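A.B. asks: Based on what follows, work out the 3D shape:
(chains A and B)
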Amino acid sequence: MSKLMTMSEAVARYVPNGSSVAISLALEPLIPFAAAHEIIRQQRRNLTLIGPISDILFDQLIGAGCVERVTAAWVGNVSEGLGYCYQRATEKAIPRAISIEEHSNFTIGLALLAASLGSPYIPTRSTLGSDIPSHNTALRLERSPLDGTPLLLVPALRPDVTIVHVQRSDEDGNAHLWGNSGICGEAMLAAKDVILEAEEIVDREVILSDPNRVLGPSFKVRAVVHERWGAHPSAVQGYTNRDHPFYHEYHERTRSVEGFQDWLEEWVLHLPSRADYMKKLGEERLQRLRVKEHRYAAAVDYGY
Amino acid sequence: MDYTPQELMVVCAARQIQDGEHVFVGMRLPLLAFALAKRTHAPRCLGLFEAGILRDEPAAELLYTMGDAPNITGALWATGTVKMIGLMAAGDVQLGFIGGAEIDRYGNLNTTAIGNWQKPAVRLPGSGGAADIASLSQRLAIIMQHDRRRLREKVDYVTSPGYGYPGEEGPAGAAWRERVGLPGGGPSALITTLAVFGFDRENGEAVLQSFHPGTTVEEVQAKTGWTLRLADDYTETVPPSAEELKVIRECDPQGKWTR
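C.D. replies: Numbers count the residues shown, from 1 in each chain, chains lettered A, B, ... in the order given. Next comes the predicted model:
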């Protein structure tokens, strides 16, 4: 069954106001900026964002006023440092106040893993003694029933929708992702609905030729969106290198509210589709980011 | 020989890595330290990255983030975050590196908020994997800029636990970590732009091991927010060798992270 649709349709259907959205889950690469920009253009409000290290995608959604709550380990700009929209929201309630549920990369991963396993919680010793458990009311400090030692219980977290960028998918949402995957797999299995953003749409046979590389079952997937360059400026192994200067430019331009508004209008609001975005990037920039030297894995024999 | 404070910090960080160790690397200076150790005294060490990457050899190009494409090419394992931090939780990581905005004399680190958490004067990005690395690695090395606002008597928020604080239940140090349930570990080195500290696991205090060439203990004290405790054999930091500088500059030819 084809689940192919435009990003505009996918966001309209599966990212309503007030929903909890797990996105930017592979840490630095494979960040679904195309989806985030469409969420901003459709003026979604009161979202809960769920993620590990989120890079500038969270910062943009917060600056655009889409976000009510952040359940995450880190919000900023990985290669530059701080995220100014996040700072303005938390320090001065600009453009609005947001609430924060503090996590570490491990605890947010465990929360999604627990949901993916149908387990009410997963215990860990990580972050014990830190202030993180006291600033996240979902986390519980308990004693182990086995030996009485302190434990942190990380309750299952079930996003309304998980959005993942992948290298390739068939129309049904059977998708290949390679490189590091952060917590994409856990978030996909934990979610009620999944939107996939794919560099390429391929025949089902391509996916079935390498089932070990499949991210998760396509029955979790509601929408498949074909978005070449949808993860720009983040990296997509085998397709696109990270556009470091883009992050630097964002950092410099978003120091003030007005600067952020200008940036947002230029790169999101005035560009109705990803095709317009790519045109604005320009062929020279795209060429600079394309893979210079392909390195294919050795073939795998699934024969019998 | 001329070198920058960052280059000296990379050298000090590399000296923390023993051959054959599994090192939770992180970004920027620790990444260069891993490359340096690998090419000098620790050829058999492995690098782990919380994005979900295990490497034998440093990436062929300078990285801006751990998830950059060259860090995947030729990796020993590309997988997920839970597996990578899970290895550390299971005791398979001997040394972890992190940075911090603030640290106190007991090695507790803050990267979350300056001031009140509810209404922060300055909101910082948060833990990322730092709290996990501080909780779960067997030894922790911390790399920071040295000034009085950063090295404080007490941090405003403990993002990454060091040796806690002394209290009615007992002292700071390894005993505190055991009381709160952390599986061993704790800071073993604090490397700053001015000095290198070790830690006394009995009471959790930072102990000055060496001050960098060009500074003095008096200057280090003036820029530290607690009364320094000096190691019996404290000394001047051994400067980088020509060979060490050569390797660092091959890894970071433009000085992106080291100038």
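A.B. asks: Pull the contacting residues for the residue in the stretch 101-250 of chain B that chain A sits nearest to.
C.D. replies: For the stretch 101-250 of chain B, the residue closest to chain A is B:G181, as judged by CB to the nearest CB, at 3.0 Å. For every residue, glycine as well, the C-beta is placed using N, CA and C. By CB atoms under 8 Å, 6 or more residues apart in numbering or on different chains, the contact set of B:G181 is A:R125, A:L128, A:G129, A:T149, A:P150, A:L151.
A.B. asks: Can you get me a residue count around A:R228?
C.D. replies: Neighbourhood size, A:R228 [other CB atoms under 10 Å in any protein chain shown]: 19.
A.B. asks: now it: how far from chain B?
C.D. replies: From A:R228 over to chain B the distance is 17 Å, taken as CB to the nearest CB, to the nearest Å.
A.B. asks: Assign that residue to helix, strand or coil.
C.D. replies: In three-state terms, and counting by DSSP: H, G, I helix; E, B strand; the rest coil, A:R228 is coil.
A.B. asks: pretty sure it contacts A:R168?
C.D. replies: No: contact criterion CB atoms under 8 Å: A:R228 and A:R168 do not qualify, at 10.7 Å.
A.B. asks: what sits in contact with each of the two?
C.D. replies: A:E199, A:E200.
A.B. asks: what's the neighbour count on B:L36?
C.D. replies: Look at B:L36: counted by other CB under 10 Å, it has 27 neighbours.
A.B. asks: my bad, B:Q16
C.D. replies: Other residues lying near B:Q16 total 22 when counted by other CB under 10 Å.
A.B. asks: Now do the contacts for it.
C.D. replies: B:Q16 neighbours (CB under 8 Å, 6+ apart): B:A33, B:L95, B:R139, B:A141, B:S188, B:A189, B:I191.
A.B. asks: one more time with 6 Å
C.D. replies: Residues in contact with B:Q16 (CB atoms under 6 Å, 6 or more residues apart in numbering or on different chains) are B:A141, B:A189.
A.B. asks: three-state assignment of it?
C.D. replies: Taking three-state DSSP, the label given to B:Q16 is coil.
A.B. asks: That one and B:G100, how far apart?
C.D. replies: Using CB to CB, to the nearest Å, B:Q16 is found at 16 Å from B:G100.
A.B. asks: What is the neighbour count of the closest residue to B:S127 other than its chain neighbours?
C.D. replies: Nearest non-adjacent residue to B:S127, counting by CB to CB, 6 or more residues apart in numbering or on different chains: A:S104, 4.5 Å away. A:S104 has 34 neighbours, counted by other CB under 10 Å.
A.B. asks: Do I have it right that A:S104 meets A:S130?
C.D. replies: No: counting by CB atoms under 6 Å, A:S104 does not reach A:S130; the two are 8.2 Å apart.
A.B. asks: Can you read off the pLDDT for A:F260?
C.D. replies: Note on A:F260: pLDDT of 98.
A.B. asks: ok, now A:Q87?
C.D. replies: With respect to pLDDT, A:Q87 scores 98.
A.B. asks: ok, now the one 4 residues further on?
C.D. replies: You'll see A:E91 listed with a pLDDT of 97.
A.B. asks: so which strand or helix has A:Q87?
C.D. replies: If you go by DSSP states H and E, A:Q87 is part of helix A:84-92.
A.B. asks: if we look at that helix, which residues are touching it?
C.D. replies: Looking at what lies outside helix A:84-92 - CB under 6 Å, 6+ apart - the contacts are A:D59, A:I62, A:G63, A:V75, A:I94, A:I98, A:T254, A:R255, A:F260, B:P120, B:R123.
A.B. asks: which parts of that helix are buried?
C.D. replies: By 16 or more other CB atoms under 10 Å in any protein chain shown, the buried positions in helix A:84-92 come out as A:Y84, A:C85, A:Y86, A:Q87, A:R88, A:A89, A:T90, A:E91.
A.B. asks: Distance from the chain centre to stretch A:156-165, please.
C.D. replies: Once both centres are worked out by CA atoms, centre = their mean, to the nearest Å, stretch A:156-165 turns out to sit 9 Å from its chain's centre.
A.B. asks: quick one: is that stretch near chain B?
C.D. replies: No: Stretch A:156-165 lies out of reach of chain B by CB under 6 Å from any CB of the partner chain, never closer than 12.3 Å.
A.B. asks: May I have that stretch as CSV, with CA atoms only?
C.D. replies: The C-alpha coordinates for stretch A:156-165 follow below in CSV (Å, rounded to 0.1, in the frame of the first residue of the first chain):
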residue,chain,number,x,y,z
ALA,A,156,7.9,4.5,29.2
LEU,A,157,7.4,7.4,26.9
ARG,A,158,5.1,7.0,23.9
PRO,A,159,5.3,9.8,21.4
ASP,A,160,2.1,10.6,19.4
VAL,A,161,4.3,10.8,16.3
THR,A,162,8.0,10.0,15.5
ILE,A,163,9.6,11.6,12.5
VAL,A,164,12.7,10.0,11.0
HIS,A,165,14.9,10.9,8.0
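A.B. asks: Using neighbour counts, pick out the buried residues of that stretch.
C.D. replies: For stretch A:156-165, burial by neighbour count (16+ other CB under 10 Å) applies to A:A156, A:L157, A:R158, A:P159, A:D160, A:V161, A:T162, A:I163, A:V164, A:H165.
A.B. asks: Restricted to strands, list those residues.
C.D. replies: Secondary structure assignment by DSSP state E places A:V161, A:T162, A:I163, A:V164, A:H165 of the buried residues of stretch A:156-165 in strands.
A.B. asks: Just send those back as a markdown table, with distance to B:A172 and pLDDT too.
C.D. replies: Putting these into a markdown table (distance: CB to CB, whole Å; pLDDT from 0 to 100) gives the following:
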| residue | distance to B:A172 | pLDDT |
| --- | --- | --- |
| A:V161 | 44 | 98 |
| A:T162 | 41 | 98 |
| A:I163 | 43 | 98 |
| A:V164 | 43 | 98 |
| A:H165 | 44 | 98 |
